[in-house]
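K.L.:
my questions are about this predicted structure, shown below with the sequence.
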Amino acid sequence: MASKSNDDSSLSHTRWNCKYHIVFIPKLRRKAIYGKLRMDYRQHIKA
């Protein structure tokens, strides 16, 4: 029987090793966040 590594997660009939964290951002929230980031980038580029 194969040994289980610490990175694996499992349920009764499944086992997985997820290396990615996926975040869903609603459309309006994304615009607000990226709008702020764009302004920050523009300030750094102009400086």
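P.N.:
Right, received. Where do you want to start? Numbering: from 1, shown residues only.

K.L.:
number of nearby residues for residue 32?
P.N.:
10 (other C-beta atoms under 10 Å). Glycine gets a C-beta too; all of them are placed from N, C-alpha and C.

K.L.:
just confirm residue 37 is within a helix.
P.N.:
Yes - per DSSP: H, G, I helix; E, B strand; the rest coil, residue 37 lies within a helix segment.

K.L.:
mind pulling up the pLDDT for it?
P.N.:
We have a pLDDT of 73 for residue 37.

K.L.:
same deal with the one 5 residues further on?
P.N.:
Predicted confidence (pLDDT) at residue 42: the value is 71.

K.L.:
I'd like the distance between it and residue 34.
P.N.:
Distance, residue 42 to residue 34, using C-beta to C-beta, to the nearest Å: 12 Å.

K.L.:
show me the shaky parts of this protein.
P.N.:
1-7, 28, 30, 41, 46-47 (pLDDT under 70).

K.L.:
all helices for it, in order.
P.N.:
Residue ranges of the helices in the chain, as given by DSSP state H, are 27-46.

K.L.:
and residue 27, how many neighbours does it have?
P.N.:
Here the count is done by other C-beta under 10 Å, and residue 27 has 6 residues near it.

K.L.:
which ones are touching it?
P.N.:
Under the criterion of C-beta atoms under 8 Å, 6 or more residues apart in numbering, residue 27 has no neighbours.

K.L.:
just how off-centre is stretch 14-29 within its chain?
P.N.:
6 Å (C-alpha atoms, centre = their mean, to the nearest Å).

K.L.:
so how far is the first residue of it from its last?
P.N.:
34 Å (C-alpha to C-alpha, to the nearest Å).

K.L.:
so which bits of that stretch are buried?
P.N.:
Across stretch 14-29, burial judged by 16 or more other C-beta atoms under 10 Å covers no residue at all.

K.L.:
all numbers from here: first residue = 9
P.N.:
Okay, residue one is now 9; in that scheme the one you just asked about reads as stretch 22-37.

K.L.:
what's near enough to touch residue 33?
P.N.:
Residues near residue 33 by C-beta under 8 Å, 6+ apart: residue 41.
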